[in-house]
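Chemist: Structure here, sequence nowhere to be found:
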């Protein structure tokens, strides 16, 4: 089961994705979108058909994932089902401070169509689960991208592959945290609890 819960309202995002229009991001999401987009440059190593997407579609994927993600959960390794406490301490952003634009947590040379993330590292596995929520929510609204990926209407397989790839390569210190309003967190928690009761 995929939890549809998102901290922010996704109606405008979903409409933009379906209509193949640019995604309008809050300023705080722009940095994380750039990080995700850089990591997606390695996606054809795992999903060769990802290379069929044009630059604008790749940008839409990165923008949407950045919008949907909970960077606080990834940064602090607090992934899991259940309402999360509010975290006020964040890691300093290292993006670019050492002259490296986007850091890679692991070596992309090991990536291939047969590559699997595996379950040996619980942090990477849990991060992949959070990213899967974002990629599945994104690709489910992009039938034109699914056609280019050659998967029909099945967004699950590419969502898993992209989530695992991103979790494997992402250095969480490159992410910036978002400021959520109490109303957004409250709505997120209520929706999550409701969806968990339906499992």
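Modeler: Looks like it arrived, so ask away. These numbers come from a predicted model, not from an experiment. Residues are numbered from 1 along each chain as shown.
Chemist: Every contact and neighbour count from this point should use C-alpha atoms.
Modeler: Will do.
Chemist: so where's this structure uncertain?
Modeler: Applying pLDDT under 70 to the chain flags residues 1-5, 78-100, 196, 198-199.
Chemist: for it, which helix is longest?
Modeler: Identified as the longest helix of the chain according to DSSP state H is helix 122-139.
Chemist: Mind listing what's buried along it?
Modeler: Within helix 122-139, the residues that count as buried by 16 or more other C-alpha atoms under 10 Å are 123-139.
Chemist: Specify the next element, helix or strand, located C-terminal of that helix.
Modeler: Counting by DSSP states H and E, the next helix or strand C-terminal to helix 122-139 is helix 143-149.
Chemist: ok, and for that next one, which residues are buried?
Modeler: Burial within helix 143-149, assessed by neighbour count using 16+ other C-alpha under 10 Å, is assigned to 143-146, 149.
Chemist: Flag every buried residue along the helix or strand following it.
Modeler: Remark: after helix 143-149, the chain's next helix or strand is helix 156-169, criterion DSSP H and E. Neighbour-count burial for helix 156-169 flags 156, 158-169 (criterion: 16+ other C-alpha under 10 Å).
Chemist: Now do the helices in this protein.
Modeler: Under DSSP H, the chain gives helices at 11-19, 27-40, 43-46, 55-68, 71-76, 122-139, 143-149, 156-169, 182-197.
Chemist: tell me what the shortest one is packed against?
Modeler: In terms of contact count using 3 or more C-alpha pairs under 8 Å, 6 or more residues apart in numbering; DSSP states H and E, helix 43-46 is assigned the packing partners helix 156-169.
Chemist: relative to helix 27-40, how tilted is the helix it packs on?
Modeler: Per axes from the mean of the first three to the mean of the last three C-alpha atoms, to 10 degrees, the angle that helix 156-169 makes with helix 27-40 is 100 degrees.
Chemist: how many neighbours does the closest residue to residue 46 other than its chain neighbours have?
Modeler: In this structure, residue 46 finds its nearest non-sequential neighbour in residue 113, 4.3 Å apart by C-alpha to C-alpha, 6 or more residues apart in numbering. Residue 113 has 12 neighbouring residues, counting by other C-alpha atoms under 10 Å.
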